[in-house]
Each structure stands twice: as structure tokens, then as C-alpha cells.
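Participant: Turn this into a structure:
(one chain, ligands or ions: 1)
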Amino acid sequence: MKAFPQTFYWGGATAANQVEGAFLEDGKGLSTSDVQPHGVFGDVVDRVPGDAGLKDIAIDFYHRYPDDIALFAEMGFNCLRVSIAWTRIFPNGDDAEPNEAGLAFYDRLFDEMAKHHITPLVTLSHYEMPWALVKNYGGWGNRKVIGFFERYARTVFERYKGKVKLWLTFNEINMSLHAPMTGVGLPSDSSKAEVYQAIHHQLVASALAVKACHEIVPEGKIGNMLLGGLMYPLSCKPEDVFKTLQENRGWQFFGDVQARGAYPGYMLRYFRDNGFALEITDADREALKSSVDFISFSYYMTGCVTADEALNQKARGNILNMVPNPHLESSEWGWQIDPLGLRTLLNVLWDRYQKPLFIVENGLGAKDKVEADGSINDDYRISYLNDHLVQAREAIEDGVELMGFTSWGPIDLVSASKAELSKRYGFIYVDRHDDGTGTLARSKKKSFDWYKEVIATNGASLKA
Ligand code: BG6
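Facilitator: Residues are numbered from 1 along each chain as shown. The predicted structure is shown next:
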């Protein structure tokens with residue numbers, strides 16, 4: 001019978017800026033996420049405390065985490081992905097000393113997980129960095145930020161080495177190409193050359209964090225994190241097929257550097273052809289050799305690629321500029337649902353890297369209806385997750401080494417792209433709405449018991 005390994009990590013994934021709130025509490029500094037209250041593609045605004053932004057309170061995980069973790073434990077989670085807000089530890093990024101109150105918060109959080117035998121999977125940087133590093137240094141465009149990040153990484157490895165064994169460096173590192181402020185702290189009108197230079201600094205920082213983790217947490221494992229943006233050719237025209245190869249390399253390049261330890265030739269050619277004279281030193285090349293232990297990624301959808309400019313123009317504006325696939329249905333937010341694509345992606349990544357894989361985000365953002373009796377019948381979410389997990393199991397049968405599955409947003413949280421609460425992902429409903437109203441009370445959706453059963457049976461309850 002097809003099965004998930006007994007060691008499989010089952011759980012959910014969150015990010016500090018989308019759940020914690022308490023955005024200026026206990027000495028926390030402003031982050032790039034705080035100054036983008038309208039989401040990762042939104043404008044940067046001058047913040048006045050309390051003036052706007054659902055993320056300021058988010059779902060108040062900062063204060064309610066013990067109850068939320070108890071609910072995750074009730075579902076049987078043995079893993080929870082969280083991120084550390086860099087600004088809780090170094091509020092300005094370049095502070096002389098770390099902020100003890102911030103460090104103490106994550107001690108409490110990891111202790112609470114340990115009480116419930118939940119393994120933390122911790123992202124060092126999930127779509128945020130200290131705003132002061134952007135204002136005073138120019139974000140990742142400045143080589144000095146590598147050192148600030150390395151110090152932050154070493155600080156948290158030292159502090160939590162007894163509690164956290166699974167780490168990730170930068171969330172969806174390839175998103176910088178589409179959302180430069182969110183990814184690398186650069187203005188949205190930055191040139192491609194500037195963005196790639198900042199990305200280079202971030203790739204070096206990621207590799208230095210891998211090295212530091214291996215030194216400080218030798219029994220730990222550290223992975224990268226890619227937005228798994230698998231693209232299909234819209235037709236079998238050789239031009240479409242070749243353009244698809246190039247588009248896929250657009251995100252695979254990040255994994256190639258992080259897993260293989262050097263820039264691939266196709267990328268060096270791309271820089272040459274476009275006249276991008278990146279500063280890549282010998283010390284950088286040496287640093288990049290520290291390769292990740294495993295590859296983690298998010299997966300929500302696939303898209304198509306065409307060499308036909310007229311069709312491309314029509315598709316402009318959606319996330320990653322994908323051309324819609326006529327064979328797939330879409331979510332309410334236009335994300336095309338493709339469970340089989342997950343099996344393809346797992347096989348592609350396994351063939352390419354031969355390193356363990358970890359699905360650290362997958363889920364359905366949808367509007368949920370609370371019935372008069374308080375129940376929430378999210379069969380659409382159950383069906384989405386069921387179908388993706390079935391394909392993940394098929395990939396394991398194909399020989400892919402898969403470490404685990406943490407579904408995105410096990411509890412409703414503030415969405416990243418547009419900072420909405422009406423786009424819900426959770427097994428747990430949170431009573432908070434786009435206009436900021438709501439009691440923040442938690443309640444279980446139908447999917448709560450469904451996921452509990454999936455975990456309890458190690459996937460045997462899935463419907464193939
Ligand atoms: C990923 C991010 O892009 O997708 C998450 O890592 C994000 O932070 C998730 O929340 C879903 O996107 P959205 O915009 O629906 O929240």
C-alpha cells in the first residue's frame with residue numbers, strides 16, 4: 001500500500017508578520033512588512049503607530065500562541081513552521097546588542113511547542129527585514145547587510161540551538177524578482193541589475209547562514225525555500241518550450257546556487273547578454289559553496305508560458321505573469337488549481353538536486369461562510385488538500401525523498417499579497433475581518449477534523 005514515511009513531518013506553516021501582531025511591542029523595530037500595510041506588492045507608507053494595517057495586530061498570535069499551539073497539537077501536528085521577526089531580535093538591524101525581550105518571546109514559543117512534542121521549523125527571514133536597514137543602508141543592495149544578517153543568524157542559532165534543529169533561510173527567495181521591496185528591500189522601480197546584485201548578496205548571506213548553522217547546530221538541518229513556480233508550455237511549439245525552460249530557470253537558478261554551490265552557466269550568460277556587471281568576489285564564490293541540506297518550497301498553482309507577445313500582454317499583472325491554463329480551474333483569487341503539478345514539481349526538484357524535499361506551504365485561500373450554528377463547511381479546502389497530498393504520496397512512490405508537509409495557514413492569518421483576512425487558509429477560523437472588526441475568537445472548521453484524521457492515519461484516510 002502507498003504510504004508516507006513513518007518519520008513524516010505533518011503540520012502547518014505561518015510567518016511572523018502574518019500572525020504575530022504586537023508590531024511595536026517589547027522593543028520590536030519596524031520591518032519592511034510593517035511599512036507595507038497593503039501587502040507585498042503594496043506601496044511603502046510612513047507609519048504612525050496604530051494608524052492602519054491588519055498586520056499590526058494580525059491574529060494576535062504574539063499573545064495567544066499557547067491556545068493556538070494547543071489546537072495544532074489537538075490536530076496531531078508534529079511540526080510547525082514559524083518565522084522569527086528579525087526586528088524583534090535586532091530592531092534596527094545594526095544594533096550593538098540583541099533585544100532580550102524579543103529573544104525571550106521565541107524561547108517561550110519554542111518551549112510551548114516542545115510541551116506538545118511539536119518540532120519547530122524556523123524561517124530566518126519571511127518577507128521582512130528591518131526597515132532601518134533599508135532607510136540607512138539601501139537594503140540588500142548594500143553588501144554590509146550580509147554581515148548584519150549573518151550576525152542575526154548566528155545569534156538565533158546560538159540562543160535556540162537546544163530547541164530548534166530545522167531551519168530555513170529566506171522565504172520564497174525567488175520572489176525578489178517580482179516584489180523587490182519585500183524580498184531585498186529595494187524600491188519597486190529598481191533596475192534588474194540592481195535587483196540581481198541585491199539577490200547575490202542575499203544568496204551569499206543564505207550560504208553563510210548554512211555554514212553557521214552547521215557549526216553551531218551540527219545535528220540540525222538547514223534548507224532553502226523556493227516559490228515552486230512550475231510553468232508549462234502553452235503549446236508544443238519549440239519557441240514556447242524553450243521559453244518555458246527559461247522561465248523555469250528564472251526560479252530554479254536560486255535553488256541551483258543554494259544546492260549546487262555556484263552560479264549556473266545559463267545565468268552567467270543571462271548577465272552577460274544583458275550587460276549586468278555584478279560584483280561577485282572570490283570570497284563570495286567560496287561562501288556560496290556551503291550548500292543546503294534540503295530543499296523546501298511552496299506550491300499553490302502552475303501557469304503557462306508562450307512566446308506569443310500578444311497573449312503575454314493579456315496575462316500581465318497576475319502573479320508571476322503566467323498565462324492561464326485552459327485545462328485548469330481557478331480559486332476565487334484566480335490561482336489555478338493543479339494537484340498533479342505538485343507531483344511533477346516534486347519529481348523535477350528531486351531529479352535536479354537529489355536532496356530531501358519539504359513542502360512547507362500548500363493550501364487554498366478562500367472565503368469561508370460561518371453558518372447560523374457556527375459551523376464552517378470548507379469542503380473545497382478539504383478537497384484541495386486531499387488531492388495535493390495524494391499527489392505528494394504518488395511522488396514518494398516515484399522515489400522522491402519527502403520530509404514533510406506543512407500546510408499554509410493552519411489558522412486564518414493575514415494574506416501576504418494584499419494583506420486581507422477574507423482570504424482564509426485555516427483549519428481554524430479567526431473572527432477578524434478586512435475592516436479590522438472581530439473578536440479574534442478561534443473556532444474549528446470542518447477541515448480541522450479532516451486533517452486530524454489524515455495525520456492520525458499517516459495519510460491512509462486520503463481519498464485517491
Ligand atoms: C507565499 C508566502 O507566497 O504564499 C506566504 O510565503 C503567503 O507568506 C502565501 O501568505 C499565500 O499567499 P497569499 O497572498 O494568499 O497570502
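Participant: Which strands or helices does the helix or strand where T182 lies pack on?
Facilitator: Using DSSP states H and E, T182 sits in helix 180-184. Packing contacts for helix 180-184, counted by 3 or more C-beta pairs under 8 Å, 6 or more residues apart in numbering; DSSP states H and E, involve helix 192-216. Heads up, the C-betas are built off the backbone N, CA and C, glycines and all.
Participant: how close does G29 sit to the ligand?
Facilitator: Per C-beta to the nearest ligand atom, to the nearest Å, G29 is found 20 Å from the ligand.
Participant: F157 too?
Facilitator: 22 Å.
Participant: just checking, that residue touches I216?
Facilitator: Yes. Here F157 reaches I216: they are 4.1 Å apart, a contact under C-beta atoms under 8 Å.
Participant: For the worst-scoring helix or strand of the chain on mean pLDDT, give me every contacting residue.
Facilitator: Lowest by mean pLDDT, DSSP states H and E among the helices and strands of the chain is helix 309-315, with a mean of 78. In this structure, residues lying in contact with helix 309-315 by C-beta atoms under 8 Å, 6 or more residues apart in numbering are L234, T306, N321, M322, V323, P324.
Participant: Can you get me the centre-to-centre distance for it and its chain?
Facilitator: With C-alpha atoms, centre = their mean, to the nearest Å as the basis, helix 309-315 stands 28 Å off its chain's centre.
Participant: ok, then the element right after that helix?
Facilitator: Counting by DSSP H and E, what follows helix 309-315 is helix 339-353.
Participant: So in that sheet, which strands flank whatever helix or strand comes next after that next one, and in what orientation?
Facilitator: Going down the chain from helix 339-353, the next helix or strand is strand 357-361, by DSSP H and E. Partner strands and pairing direction for strand 357-361 (DSSP bridges) are strand 294-298 (parallel), strand 402-408 (parallel).
Participant: Of all those strands, which one comes closest to T14?
Facilitator: Taking C-beta to C-beta as the criterion, strand 402-408 is the member of those that comes nearest to T14, at 8.4 Å.
Participant: is any part of that closest one close to the ligand?
Facilitator: Yes. On the criterion C-beta under 6 Å from any ligand atom, strand 402-408 is in touch with the ligand at W408.
Participant: next helix or strand past that strand?
Facilitator: Following strand 402-408 toward the C-terminus (DSSP H and E): strand 428-430.
Participant: For the following helix or strand past that following strand, which helices and strands make contact with it?
Facilitator: Going down the chain from strand 428-430, the next helix or strand is strand 442-444, by DSSP H and E. Judged by 3+ C-beta pairs under 8 Å, 6+ apart, strand 442-444 is in contact with helix 61-75, strand 428-430.
Participant: Distance from the chain centre to strand 442-444, please.
Facilitator: 24 Å.
Participant: which of F157 and I216 has more neighbours?
Facilitator: F157 (22 against 16; other C-beta atoms under 10 Å).
Participant: any idea how far R151 is from the more buried one?
Facilitator: 11 Å (C-beta to C-beta, to the nearest Å).
Participant: farthest-separated two in the contacts of helix 309-315?
Facilitator: Farthest pair in the contacts of helix 309-315, by C-beta to C-beta: L234 and N321, 12.8 Å.
Participant: returning to that earlier point: which stretch among the helices and strands packed on strand 442-444 approaches L268 most closely?
Facilitator: It's helix 61-75; of these, that one is closest to L268 (C-beta to C-beta) at 42.7 Å.
Participant: how deep is D435 tucked in, by neighbour count?
Facilitator: 9.
Participant: now the one 3 residues further on
Facilitator: Under the neighbour criterion other C-beta under 10 Å, G438 is assigned a count of 14.
Participant: cool, the one 3 residues further on as well?
Facilitator: Applying other C-beta under 10 Å, we find 9 residues neighbouring A441.
Participant: ok, it - contacts?
Facilitator: V430, D431.
Participant: how much space between it and D68?
Facilitator: Counting by C-beta to C-beta - A441 and D68 are separated by 12 Å.
Participant: for L402, same thing?
Facilitator: 26 Å.
Participant: Quick one: mean pLDDT for stretch 63-83?
Facilitator: For stretch 63-83, mean pLDDT is 98.
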